[in-house]
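Visitor: Predicted model follows, preceded by the sequence.
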Amino acid sequence: MCIAIPFFQLVTGINVIAFYSPMLFRTIGSGVSASLLSSVVTGIAGLSTVILSLLIVDKVGRRALFHIGGVLMFVPQMIIGGIMAAKLGDQGGLSQGYSILVLLMICTYLAGFGLSWGPLGWLVTRNFSSRNKARIFFFFGVWVALMTGFVYVLLPETKDVPLETMDTIWREHWFWKRFVGDGAEYEGK
């Protein structure tokens, strides 16, 4: 549980939705001020359900909240994906009606996350971690060493590199150059 629940929490898509929601709303046709307002609305939806979860978790139970949250997250993601695949197309915008529907679906998703995987992901694993006091530090310490080694070996430095020339960094890296083309397929387009 200490490994699976935090892993599942990360792959819910919460980081993408939370971080990119202003850009997403601009992409689907909302203006800058509308996208920022949409971020406020989604933030309120998420925060209010975290508070609700904290108030009801001992009455309702962890499993029930995970199940409810799972449904509240799955359905909106499928609807959002369907709308974007069917309606967004190459023009880069949605009608106002679809934009509002996407906003409502993102709020529903965030409400599901705030009710379940957001707070419960840490509550459930905290109970398990406290029984394995020393071992958990060794476990995560090994992961930190692996992560640091991964970055040391495979992540090129991108400091002060403009976004327009970022592809050259990857094409010149000893490992990534075999996966990144020479860029010729993008010239002239």
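Guide: Ah, there it is.

Visitor: Going by neighbour count, list what's buried in the longest helix seen in the chain.
Guide: In the chain, assigned by DSSP state H, the helix with the most residues is helix 32-60. Going by neighbour count (16 or more other CB atoms under 10 Å), the buried part of helix 32-60 is 34-35, 38-39, 41-42, 45-46, 49-50, 53, 57. To be clear about C-beta, it is placed using only N, CA and C from the backbone, and glycine gets the same treatment.

Visitor: got a markdown table for those residues, with distance to residue 83 too?
Guide: Compiled in a markdown table, the buried residues of helix 32-60 are given as follows (distance: CB to CB, whole Å):
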| residue | distance to residue 83 |
| --- | --- |
| 34 | 17 |
| 35 | 17 |
| 38 | 15 |
| 39 | 19 |
| 41 | 18 |
| 42 | 16 |
| 45 | 18 |
| 46 | 21 |
| 49 | 23 |
| 50 | 26 |
| 53 | 28 |
| 57 | 32 |
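
Visitor: ok, those residues vs residue 164, which is closest?
Guide: Within these, the smallest distance to residue 164 is 24.1 Å, found for residue 35 (CB to CB).

Visitor: Report all helices and strands that the next helix or strand after the longest helix of the chain contacts.
Guide: In the C-terminal direction, the helix or strand that comes right after helix 32-60 (DSSP states H and E) is helix 62-83. Judged by 3 or more CB pairs under 8 Å, 6 or more residues apart in numbering; DSSP states H and E, the packing partners of helix 62-83 are helix 32-60, helix 96-115, helix 117-129.

Visitor: for helix 62-83, what is the average pLDDT?
Guide: For helix 62-83, the mean pLDDT works out to 93.

Visitor: and it, how far from the chain's centre?
Guide: 14 Å (CA atoms, centre = their mean, to the nearest Å).

Visitor: List the buried residues in it.
Guide: For helix 62-83, by 16+ other CB under 10 Å, it's 65-66, 68-70, 72-73, 76-77, 79-80, 83.

Visitor: what's the angle between it and helix 32-60?
Guide: If you take axes from the mean of the first three to the mean of the last three CA atoms, to 10 degrees, helix 62-83 sits at 150 degrees to helix 32-60.

Visitor: hmm, who's touching helix 62-83?
Guide: If you take CB atoms under 8 Å, 6 or more residues apart in numbering as the criterion, helix 62-83 is touched by 12-13, 53, 56-57, 94, 98, 101-102, 105-106, 108-109, 111-113, 115-117, 120, 123-124.

Visitor: which helices and strands does the longest helix of the chain pack with?
Guide: Against helix 32-60 (3+ CB pairs under 8 Å, 6+ apart) you get helix 14-27, helix 62-83, helix 96-115, helix 117-129.

Visitor: Report the angle between the longest one and helix 96-115.
Guide: Using the same axes, to 10 degrees, the inter-axis angle of helix 62-83 relative to helix 96-115 is 160 degrees.
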